[in-house]
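**Student:** would you be able to build a 3D model of this:
(4 chains)
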Number of protein chains: 4
Amino acid sequence: MKYGYLGPEGTFSEAAVRKLTAARGIEADLLPMHSVLLALDAVRAGELEAAVVPIENSVEGGVSATLDALTAGEPLQVVGEEVVPVTFDFVVRPGLGREDVTRVASHPHGLAQCSNWLHEQFPKATLIPALSTASAAVGLLEDDAAYDGALCSPLAAQKLGLTPMYTDIGDNPNAMTRFVLVSRPGRLPAPTGADKTTLVVFLKDERAGALLEILEQFATRGINLNRLESRPTGDGLGRYCMSIDAEGHVEDARLSEALKGLHRVSAHVRFLGSYPRADGEPPHVRPENSNASFAEADAWLNSILSS
Amino acid sequence: MKYGYLGPEGTFSEAAVRKLTAARGIEADLLPMHSVLLALDAVRAGELEAAVVPIENSVEGGVSATLDALTAGEPLQVVGEEVVPVTFDFVVRPGLGREDVTRVASHPHGLAQCSNWLHEQFPKATLIPALSTASAAVGLLEDDAAYDGALCSPLAAQKLGLTPMYTDIGDNPNAMTRFVLVSRPGRLPAPTGADKTTLVVFLKDERAGALLEILEQFATRGINLNRLESRPTGDGLGRYCMSIDAEGHVEDARLSEALKGLHRVSAHVRFLGSYPRADGEPPHVRPENSNASFAEADAWLNSILSS
Amino acid sequence: MKYGYLGPEGTFSEAAVRKLTAARGIEADLLPMHSVLLALDAVRAGELEAAVVPIENSVEGGVSATLDALTAGEPLQVVGEEVVPVTFDFVVRPGLGREDVTRVASHPHGLAQCSNWLHEQFPKATLIPALSTASAAVGLLEDDAAYDGALCSPLAAQKLGLTPMYTDIGDNPNAMTRFVLVSRPGRLPAPTGADKTTLVVFLKDERAGALLEILEQFATRGINLNRLESRPTGDGLGRYCMSIDAEGHVEDARLSEALKGLHRVSAHVRFLGSYPRADGEPPHVRPENSNASFAEADAWLNSILSS
Amino acid sequence: MKYGYLGPEGTFSEAAVRKLTAARGIEADLLPMHSVLLALDAVRAGELEAAVVPIENSVEGGVSATLDALTAGEPLQVVGEEVVPVTFDFVVRPGLGREDVTRVASHPHGLAQCSNWLHEQFPKATLIPALSTASAAVGLLEDDAAYDGALCSPLAAQKLGLTPMYTDIGDNPNAMTRFVLVSRPGRLPAPTGADKTTLVVFLKDERAGALLEILEQFATRGINLNRLESRPTGDGLGRYCMSIDAEGHVEDARLSEALKGLHRVSAHVRFLGSYPRADGEPPHVRPENSNASFAEADAWLNSILSS
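**Tutor:** Numbering: from 1, shown residues only, chains lettered A, B, ... in the order given. Modelled structure (predicted):
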């Protein structure tokens, strides 16, 4: 069985896929993929059983490549999530010292998240963008390395045998990234009582009213949203769809009814899955929004209709 | 088969029950009842097949006795409605002339609705309250009549053989009363495409928020309300329930779902029936609130749940 | 100085006007008026300084005559309120005993509110409608009295020197009536921190959406409603205005802004006054709706506009 | 006078700053800046009069660096906007032919926006990320160029004297980028009737309800939103602020009142400016939300308060 992740080896994605498979007792070959889109397309094509990709970062926000790759193309299903704290190791070319560092490479997000630290430690260093934090580290070992230091994940440093000069780096100590486990559409994970549902909703027309109508489908049923991202549909400025994580499982009655409402009032809804929350925290559901309350309302209405 | 109506004979209620039974091709004995409550209790007890009672007047508003008698006690079901224009005849004791009139009787609502006319025609007359417009007319024929003239329905004047001194009286030319046909709970009248649904909703707690939540159940599904009356529950000032007529039939999906929502968010809902509108006017339903749209949303959700 | 009240002498209205004037240290001649409309028109004409009329009854609901007389005609202003418990005395013609009672008179509301009691105590008695509870009592003393007993207010029994056969009668022990003190428009009573504001709002068009918009003007500013009555405008079935009591004083910023919003979104607003609540209970105002919060927002906006 | 823009020379930002200054008849030195943050900080420090930076792209969405740099740090003010269509030229090292191209460089966004085109034209090419589209083009002229071709703006190709091998490239023919002209806080541009207001709103607590409350401040006053972006505050997953473009000018009464409402119900509001829309299109304002309607409501309320 093959599981993909956003490569190369040693990124935070690899850390996430290891945690997700271990928690499920899954033994799988873990394959680094060149991009989120390639990873998800390989799942679509059946070459991978599933893939782990980043969806949200506490500093940078939603990961556009993932949001967009889930929104377009053949349907996929999110079946799990994992949250990984984002701290960096600073590694250098073997043999170099602190005073030799004049050029530092990392993925632009890595450079951004360590911007203050870099400014303090290496104010004169030239910053070099790399395709990933891990490839920046790998590049240090090449003969013609174009830079002297790199910011990478602890896993990358460890796998490459590089002893970090500094560890636990990051301007924001709360920085973390959420990853999702994505497979082809199939059986929904059973409700656990602490679930999350991911959707993309395409609005019918202009902004304020249409978005209000979408949010009311959740609010009138007491459903909190954990994430709400607007993403351009690509049809022009100001044309957006909403990428949403809602509390609860589609098998919960309040979610079922909200999804049906969204289907009616929006241009299109793409359901992307219901799955257990990484933090295992159950939502606070008021009595009138419980499954029992919906079941009683159903029974009451049926007694009217069948009279 | 016996049909009751709010008596005595000759009131607007008798006019309404005649129209309602004729329209349905029903041959029934028509029995005047002493009060709305007695009429409805006789239906509850099986002594009457159905009863016709006033529910709403375009000048006075909701008819409290009817609203309250439908709200409390054994459940009943509204199965039809009729709207009757309210114009009065002015009748006098046989043999009297216009100059003999010093005391005029009618039901207080009749006196109120002809207040301007009385002020112009008989500015000095003493006004005498009667238990009904018809009983005021009947009283004229008694030996010891305590008054000289009465305002009554055209039907009452005709049945009593009284030639009106004036006809078509009423301060407001648009005045009309809506009557409902009430039976024991049973089979719902089939949807006609131009229906009305009557409900009583008991709010959970304080006013503004709770009422908003109730109205949102209708608004988010595009359901217009034809009537909305607050009625005290009798538990103290400021404790109310809402008496509501909504456009559509409980078998319409948008109504079904709204009713289930009301059942969840309110303290109690009493369903009082779905029945054809007297004016036969179909509601304007936007595509997203049509039965077809609800059916598509159901099918879509089922395809997710059954995967 | 002359104060009017809904007569005749001895009604609950007289009890209310006595409490209201006493509480204000006002010495005034108290004049019984024949109807609510006549009382209010005498205030409009300057013949009375003010009048006390019933506006809401915990059993019957809003008092239509008052609501309508405040809504139409020259503007008036509510400057105070009083709540009076509604219990009845049962009085008989002097000399009669319990077994002599075959006919009982009272105002129809009085008969309705003692309906169960009458049914138990005098199941065979004929019920006679009177123009008021007090006039029913007065009638007992006339030579040609058409009935034997009457239900009236304790004040009426006392003033007429009639010893009640039964006291503290009423089917609903919580029954009470709210009265308002009405004067010509003039200086607003100063805010006390526990105030009420009375309004009539004419909706722009059809029901559900328009009413929601009205309620949102209150809800988005955290204003609770103490009373909400729909009243027909008289233009046809289904045409209503809303009679509203809202928590707070028009000088409170949240009320000011809500009133301006109502003025914009409705067809017409009639402001009927801000005045101290009878129960002296201050509302619960969340920090964001306090006068201080509005003042800060004003200051912030002004700093932007004046830059 | 110095105007900055997101450099290097030849980017779409330079095209935008040229249009914005030309339209205003401004003669200024145009200085390329290394990053959005450096550009805006130079404005803050008074080293630049103003800067032009990208804020929104029709394919990629909001430009995080700009949104975040406007949200944090010393206040700045948006005083204008410009929309630039995004099409690319494909340029190669002088002397090379189509068959020599094995490595193609551009900014990652440029590579993403031409992804399909690249896949069709150069399916085997290695993609090289550059710090900007313009620097990718510049790199072609260096002796040790690490790639053979670049995707850059037409302006860059022209300024470098590179004859494009292909022009008008882009997977999405509607692709465009919106740029804003940013200065230190000062006088607001006067209302033109077709204006836009930019804000950042920090929510008070959890998602669904708080966001609804924010949107209602706009919706209840008929204000459309042209852009709505959630951005992480950096305090942890799920903590967001909203970056908003609303129709209208802060001097419009409906905007003034909405802003004051936002100030009350949110944790914090940062006002970022009101300025003329690039497309000059006036909003559709319903009568009840016009300045005249607000002025009438003010006058009406004042007549009550001053009585």
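
**Student:** measure A:F88 to A:A157 for me?
**Tutor:** Taking CB to CB, to the nearest Å as the measure, A:F88 and A:A157 are separated by 9 Å. All C-beta atoms are positioned from the backbone trio N, CA, C, and that covers glycine.

**Student:** higher neighbour count, the two?
**Tutor:** Applying other CB atoms under 10 Å in any protein chain shown to A:F88 and A:A157 shows that A:F88 carries more neighbours, namely 27 against 23.

**Student:** for the more buried one, grab phi and psi.
**Tutor:** With angles defined as degrees, to the nearest 10, A:F88 shows backbone torsions of phi -110, psi 150.

**Student:** stretch A:58-70 and chain B in contact?
**Tutor:** No - among the residues of stretch A:58-70, none lie within reach of chain B under CB under 8 Å from any CB of the partner chain; the closest is 15.6 Å away.

**Student:** so for that stretch, what's the average pLDDT?
**Tutor:** The predicted model assigns stretch A:58-70 a mean pLDDT of 86.

**Student:** and it with chain D, contact?
**Tutor:** Yes - judged by CB under 8 Å from any CB, stretch A:58-70 and chain D are in contact via A:S58, A:V59, A:E60, A:G61, A:S64, A:A65.

**Student:** which of those residues fall in helices?
**Tutor:** Secondary-structure check on the residues of stretch A:58-70 next to chain D using DSSP state H: residues within helices are A:S64, A:A65.

**Student:** which pair in the residues of stretch A:58-70 next to chain D spans the largest distance?
**Tutor:** For the residues of stretch A:58-70 next to chain D, the maximum inter-member distance is 17.3 Å, found between A:S58 and A:A65 (CB to CB).

**Student:** quick one: which of these two has more around it?
**Tutor:** Set side by side, A:S58 and A:A65 show more neighbours around A:S58, with 23 against 20, by other CB under 10 Å.

**Student:** how about the secondary structure of whatever residue of the stretch 51-200 of chain A ends up closest to chain B?
**Tutor:** The stretch 51-200 of chain A approaches chain B most closely through A:P185 (6.1 Å), counting by CB to the nearest CB. Remark: A:P185 carries the secondary structure label coil [criterion: DSSP: H, G, I helix; E, B strand; the rest coil].

**Student:** what's the answer for A:L40, then?
**Tutor:** What three-state DSSP gives for A:L40 is helix.

**Student:** all strands for the stretch 51-200 of chain A, in order.
**Tutor:** Across the stretch 51-200 of chain A, reading from the start of the chain, the strands by DSSP state E, counting those that start in this stretch fall at A:61-62, A:77-85, A:88-92, A:103-106, A:126-129, A:149-152, A:166-169, A:176-183, A:195-202.

**Student:** pLDDT value on A:L237, please?
**Tutor:** Note on A:L237: pLDDT of 68.

**Student:** just to revisit the earlier point, among the strands of the stretch 51-200 of chain A, which is nearest chain C?
**Tutor:** Chain C sits nearest to strand A:195-202 of all those, at 23.1 Å, using CB to the nearest CB.

**Student:** A:V43 should be in a helix, yeah?
**Tutor:** Yes - according to three-state DSSP, the state of A:V43 is that of a helix.

**Student:** okay, now the unreliable bits of the stretch 101-250 of chain A?
**Tutor:** Segments of the stretch 101-250 of chain A classed as low confidence (criterion: pLDDT under 70) are A:206-208, A:236-238.

**Student:** and the residue lying closest to A:T192 once chain neighbours are set aside, what's its pLDDT?
**Tutor:** Once flanking residues are discounted, A:T192 sits nearest to A:P276: 4.7 Å by CB to CB, 6 or more residues apart in numbering or on different chains. The per-residue pLDDT reported for A:P276 equals 97.

**Student:** got the domain boundaries for chain A?
**Tutor:** When chain A is parsed into structural domains using automatic domain parsing, the resulting residue ranges are A:1-86+A:171-186, A:88-169, A:187-307.

**Student:** quick one, which of the ones you listed gets closest to B:T11.
**Tutor:** B:T11 lies closest to domain A:187-307 among the domains of chain A, at 31.5 Å (CB to CB).

**Student:** find the helix or strand that the residue lying closest to A:L199 once chain neighbours are set aside is a member of.
**Tutor:** The shortest distance from A:L199 to any non-neighbouring residue, by CB to CB, 6+ apart, is to A:I244 (4.8 Å). Mapping A:I244 onto the secondary structure by DSSP states H and E places it in strand A:240-247.

**Student:** just how off-centre is that strand within its chain?
**Tutor:** In this view, strand A:240-247 has its centroid 13 Å away from the chain centroid, taken as CA atoms, centre = their mean, to the nearest Å.

**Student:** ok, that strand: who's next to it in the sheet?
**Tutor:** Using DSSP bridges, the strands paired with strand A:240-247 in its sheet are strand A:195-202 (antiparallel), strand A:225-232 (antiparallel).

**Student:** which residues touch the helix or strand that comes right after the first one?
**Tutor:** Downstream of strand A:195-202, the next assigned helix or strand under DSSP H and E is helix A:207-219. Residues from elsewhere that reach helix A:207-219, judged by CB atoms under 8 Å, 6 or more residues apart in numbering or on different chains: A:201, A:203-204, A:224-225, A:238, A:240, A:242, A:246, A:258, A:261-262, A:265-266, B:216, B:220, D:208-209, D:211-212, D:215-216, D:218-219, D:223-226, D:228.

**Student:** list the contacts for the nearest residue to A:S135 once chain neighbours are set aside?
**Tutor:** In this structure, A:S135 finds its nearest non-sequential neighbour in A:P8, 5.5 Å apart by CB to CB, 6+ apart. A:P8 is in contact with A:P32, A:S132, A:A134, A:S135, A:V138, counting by CB under 8 Å, 6+ apart.

**Student:** so what's the last one up against?
**Tutor:** If you count contacts by CB under 8 Å, 6+ apart, A:V138 has them with A:P8, A:G10, A:A156, A:L160.

**Student:** please report how far it lies from A:M33.
**Tutor:** If you measure A:V138 against A:M33 using CB to CB, the figure is 16 Å.

**Student:** and what of the second one?
**Tutor:** Separation of A:S132 from A:M33 (CB to CB) stands at 11 Å.

**Student:** what do you get for A:L151?
**Tutor:** Using CB to CB, one obtains 22 Å as the distance from A:L151 to A:M33.

**Student:** same deal with A:P94?
**Tutor:** Applying CB to CB, one obtains 28 Å for the distance of A:P94 from A:M33.

**Student:** okay, the two: which has more neighbours?
**Tutor:** The neighbour count for A:P94 versus A:M33, taken as other CB under 10 Å, is higher for A:M33 (23 against 10).

**Student:** give me the phi and psi angles of the more buried one.
**Tutor:** Backbone torsions of A:M33, given as degrees, to the nearest 10, read phi -110, psi 150.

**Student:** give the contact list for it.
**Tutor:** A:G4, A:Y5, A:L6, A:G7, A:A39, A:A42, A:A51.

**Student:** repeat that for 6 Å
**Tutor:** By CB atoms under 6 Å, 6 or more residues apart in numbering or on different chains, the residues touching A:M33 are A:G4, A:G7, A:A39.

**Student:** Provide a list of residues in contact with the most centrally placed residue in chain A.
**Tutor:** For chain A, the residue nearest the mean C-alpha position is A:I55 (1.8 Å; CA atoms, centre = their mean). Contacts here follow CB under 6 Å, 6+ apart; on that basis A:I55 touches A:V63, A:T66, A:R178, A:V180.

**Student:** still on that earlier bit, pull out the buried members of the contacts of helix A:207-219.
**Tutor:** A:201, A:203, A:224-225, A:238, A:240, A:242, A:246, A:258, A:261-262, A:265-266, B:216, B:220, D:208-209, D:211-212, D:215-216, D:218-219, D:223-226, D:228 (16 or more other CB atoms under 10 Å in any protein chain shown).
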